[in-house]
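*Asks:* Sequence and computational prediction follow.
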Amino acid sequence: MGRKRTPGIYKRKGIWHIDKQIFGRRICESTGTNSLEEAEKFLAKRTDQLREAQIYGVRPERSFRIAATKYLNENQHKSSIGDDAMHLKQLDLFIGDMPIEKIHTGTLQKFVGTRIEQGRKCKTINLALGVVRRILNLAASEWIDDSGLTWLAHAPKIRMLPTKDSRPAYPISMEEQEKLFSVLPLHLRRMALFKVNTGCREQEVCQLRWKWEIKIPELNTSVFLVPAYVLRQYDGYKSLVKNGEDRLVVLNDVAKSVIDEVRDIHPEFVFTYKAGSKFGPVTAMNNSAWQSARKKVGLEQVRVHDLKHTFGRRLRSAGVSFEDRQDLLGHRSGRITTHYSAAEIKNLIDAANKACCHNKHELTLTVLRSTREARSRKSPAKDKNTKPMVARVTQ
């Protein structure tokens, strides 16, 4: 006769599972193995963990991988969850199996050193460290197990790297804009022209829908009201606007002409692209076409987000007030930014028109750059003896 298996273990689809009352709690989970011996060891370990937690207040050991998985599952609504998942995948090679109690600045040094050797900017590394810090803070404050204990007794302090190597914003001149946009494919050129005249973020442009358009008959124009969150087919509600508030998009003359060009092309999305039989929204502006175009005209330093910076700089150069710039750029403010009269909308349209191409001879943008910054785009070598250089660009 074979030996009896331990009560509370049963087999389902070839894998042993636990279904047992332990210290007044019902435990139902997979052991992850098809070996009875290993399953019994797993149950014994879980029983010991529960005993220590129940009687002695000892927290069970949990790996960073388990904590990272919980974090990703609970934060699917975040617009940046894809980036968080990417950072966690990179971190998993270094601390995935490590208990969360043993993670601190020291144990993260190997990850930091490797990323620096790979040529990653300190800001990029800090984004990954920020995700670690967030997970550990949640484990110490909000994640409470069935024994009434938080996953961590306290969260360690994760030290960020000084961001001295970050690349500053690069607002482009009208000449650079014409040079770059002329080599972009039509669909991407329209999106870039809309972005540089509205200050929208990349995903606000890519996800823009016709149902968000609001007609204003008094002014013979329209605006778009982009919701803070959008419902997607497979992954539920996703954050679309960075500050979590509905975003008013005001159309100046150039942005309005772009909208008029693409009207009736697609029933749902404003900006689309057709490739073969596929016809739908453009998922990202920073694609191979964008990168090839900027390389072709010698503007490899220009990022898609620099178009937003460009709009903001042009507004400021044209003397637009700080409050109006906040509303036009979709920045968080103490004002209710989605309730406007027709007169207020007209004021914002007039302000946005000051950044239009037809006003390019009225705009003068003074750009202060150093020779150190100019060299940093060509080589990572540092020169402490460089002097500031003033370049005046007339648009």
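*Replies:* Thanks, I have the structure now.

*Asks:* Read off the pLDDT value for the nearest residue to H305 once chain neighbours are set aside.
*Replies:* Distances taken as C-beta to C-beta, 6 or more residues apart in numbering place E202 nearest to H305, at 6.9 Å, with adjacent residues excluded. To be clear about C-beta, it is placed using only N, CA and C from the backbone, and glycine gets the same treatment. Per-residue pLDDT puts E202 at 92.

*Asks:* now swap in H17 and tell me
*Replies:* We note a pLDDT of 88 for H17 in this prediction.

*Asks:* wait, is it part of a strand?
*Replies:* Yes - with DSSP: H, G, I helix; E, B strand; the rest coil as the criterion, H17 is located in a strand.

*Asks:* and the residue nearest to it when sequence neighbours are not counted, how many neighbours?
*Replies:* Sequence neighbours aside, S30 is the residue nearest to H17 in space, at 5.2 Å (criterion: C-beta to C-beta, 6+ apart). S30: 13 surrounding residues under other C-beta atoms under 10 Å.

*Asks:* my guess is S30 meets K13, correct?
*Replies:* No - with contacts counted by C-beta atoms under 8 Å, S30 stays clear of K13, the gap being 9.9 Å.

*Asks:* ok, now which ones touch A128?
*Replies:* 87-88, 90-91, 111, 115 (C-beta atoms under 8 Å, 6 or more residues apart in numbering).

*Asks:* hmm, try it at 10 Å
*Replies:* A128 sits next to 83-84, 86-88, 90-91, 108, 111-112, 115, 120 when contact means C-beta atoms under 10 Å, 6 or more residues apart in numbering.

*Asks:* what helix or strand does it sit in?
*Replies:* helix 122-141 (DSSP states H and E).

*Asks:* what do you get for I259?
*Replies:* helix 253-262.

*Asks:* And I158, by the same measure?
*Replies:* Counting by DSSP H and E, I158 is found in no helix or strand.

*Asks:* From K215, how far out is it?
*Replies:* 50 Å (C-beta to C-beta, to the nearest Å).

*Asks:* out of these two, which sits in the busier spot?
*Replies:* Between I158 and K215, counted using other C-beta under 10 Å, the more crowded position is I158 (19 against 10).

*Asks:* Test my guess that that one contacts F111.
*Replies:* No - I158 is beyond contact range of F111, at 11.4 Å (criterion: C-beta atoms under 10 Å).

*Asks:* Roughly how far does S292 sit from A284?
*Replies:* With C-beta to C-beta as the criterion, S292 and A284 are 14 Å apart.
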